[in-house]
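Novice: Compute the structure for the input listed below.
(one chain, ligands or ions: 1)
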Amino acid sequence: MRYYDNVVELVGNTPLVRLRNVTDGISATVLAKVEYLNPGGSVKDRIALRMVEEAEKAGLLKPGGTIVEPTSGNTGVGLALVAQLRGYKCVFVCPDKVSEDKQNVLRAYGAEVVVCPTAVAPEDPRSYYNVSDRLAREIPGAWKPDQYANPANPRSHYETTGPEVWEQTDGRVTHFVAGVGTGGTISGVGRYLKEVSGGAVRIVGADPEGSVYSGGTGRPYLVEGVGEDFWPTTYDRDICDEIVEVSDKESFELTRRLAREEGLLVGGSCGMAVAAALKVARQAGPDDVVVVLLPDGGRGYLSKIFNDGWMARYGFLRTAAELPTVADVL
Ligand code: PMP
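Specialist: Residues are numbered from 1 along each chain as shown. The predicted structure follows:
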């Protein structure tokens, strides 16, 4: 019999798939690392597992303990999966702007979700930063992973994602492209690939227009999970050779093309990363191998990026009224 003992054993070892259609006119090989095939549906399963393992080793998380983290999405799912297997409770704190569907995903995995008002300042005791700090202090046996400051976040990518990319390409990768949120992915994978290639692999961060990594001030943008308005310690400033700035419009257009033309129903930060990868690949030659990491799947974005009305409302698409319909044609 061939089976895995539990779902956590399914974390990592995600495949590379060649992008064949959105790469029209490009001679380099462009390969996507498909992280939605992790059991929790995103790249964040990797960091969740490593952060929990290291907290156990350090004695910060003991049997029966509680994981408390301000998260509304992928990191929460990863932590909930690992917590279930190892018998921990999870309390996730999120702002009330987070959709009920997203909150319910976390509840479905058995986590408790505490919802805080969005319309208060970060220093307000009701803000989700302060509520999560207070819960982590006051719940006995609580531990806060803090993905923005936890060295196990980039380390998980240095130890797993980076070696996978190198081995899967037989050491032929010439460029690695990923979106930057906490910076864990780009810093960990980038450091590994630079070390193993003697500095030959070019590391390219993709960043939403307005975020600090590409020189912005934290001006709002709509793509989720990437870009910041501060510099987290999980981001190593010495790793990226280049940061490519991508607009929301470009990110979302490419996200939709990935579903229609490549059969990859993925999230908005994937479209952003691919937009950056294609810019890089256009300057590259036929022997170049550009690997781009796709962090999560598209099901969590059906009512936004994949909704024509939402796209049109933000000016990312002609309005539905302007588009010909089947009824017009018949
Ligand atoms: N895309 C999505 C959807 C994410 O949730 C994240 C993590 N915040 C990223 C990209 C960026 O990854 P990292 O935090 O490793 O920089």
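Novice: Show me where the chain has its helices.
Specialist: In the chain, the helices defined using DSSP state H lie at 44-57, 74-86, 100-108, 128-138, 152-156, 162-168, 184-197, 248-262, 268-282, 308-313, 326-329.
Novice: need those in CSV with mean neighbour count and mean pLDDT, can you?
Specialist: (Glycine included, C-beta is placed from N, CA and C.) As requested, the helices of the chain are exported to CSV (neighbours: other CB atoms under 10 Å; pLDDT from 0 to 100):
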stretch, mean neighbour count, mean pLDDT
helix 44-57, 24, 98
helix 74-86, 24, 96
helix 100-108, 15, 91
helix 128-138, 17, 92
helix 152-156, 25, 98
helix 162-168, 19, 98
helix 184-197, 24, 98
helix 248-262, 20, 97
helix 268-282, 27, 98
helix 308-313, 15, 94
helix 326-329, 6, 78
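Novice: Need those in JSON lines (columns: distance to the ligand).
Specialist: Below are the helices of the chain laid out as JSON lines (distance: least, CB to the nearest ligand atom, whole Å):
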{"stretch": "helix 44-57", "distance to the ligand": "6"}
{"stretch": "helix 74-86", "distance to the ligand": "4"}
{"stretch": "helix 100-108", "distance to the ligand": "12"}
{"stretch": "helix 128-138", "distance to the ligand": "16"}
{"stretch": "helix 152-156", "distance to the ligand": "7"}
{"stretch": "helix 162-168", "distance to the ligand": "12"}
{"stretch": "helix 184-197", "distance to the ligand": "3"}
{"stretch": "helix 248-262", "distance to the ligand": "11"}
{"stretch": "helix 268-282", "distance to the ligand": "3"}
{"stretch": "helix 308-313", "distance to the ligand": "18"}
{"stretch": "helix 326-329", "distance to the ligand": "33"}
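Novice: What's the end-to-end length of stretch 58-66?
Specialist: End-to-end span of stretch 58-66 (CA to CA, to the nearest Å): 15 Å.
Novice: And stretch 11-20, by the same measure?
Specialist: Stretch 11-20: ends 26 Å apart by CA to CA.
Novice: returning to that earlier point: which one of the helices of the chain lies nearest to Gly210?
Specialist: helix 248-262 (9.1 Å; CB to CB).
Novice: From the contact counts, what lies against the closest one?
Specialist: In terms of contacts (3 or more CB pairs under 8 Å, 6 or more residues apart in numbering; DSSP states H and E), helix 248-262 is packed against helix 268-282.
Novice: coming back round to it: which one of the helices of the chain lies closest to Val93?
Specialist: Nearest of the helices of the chain (CB to CB): helix 128-138, 4.1 Å.
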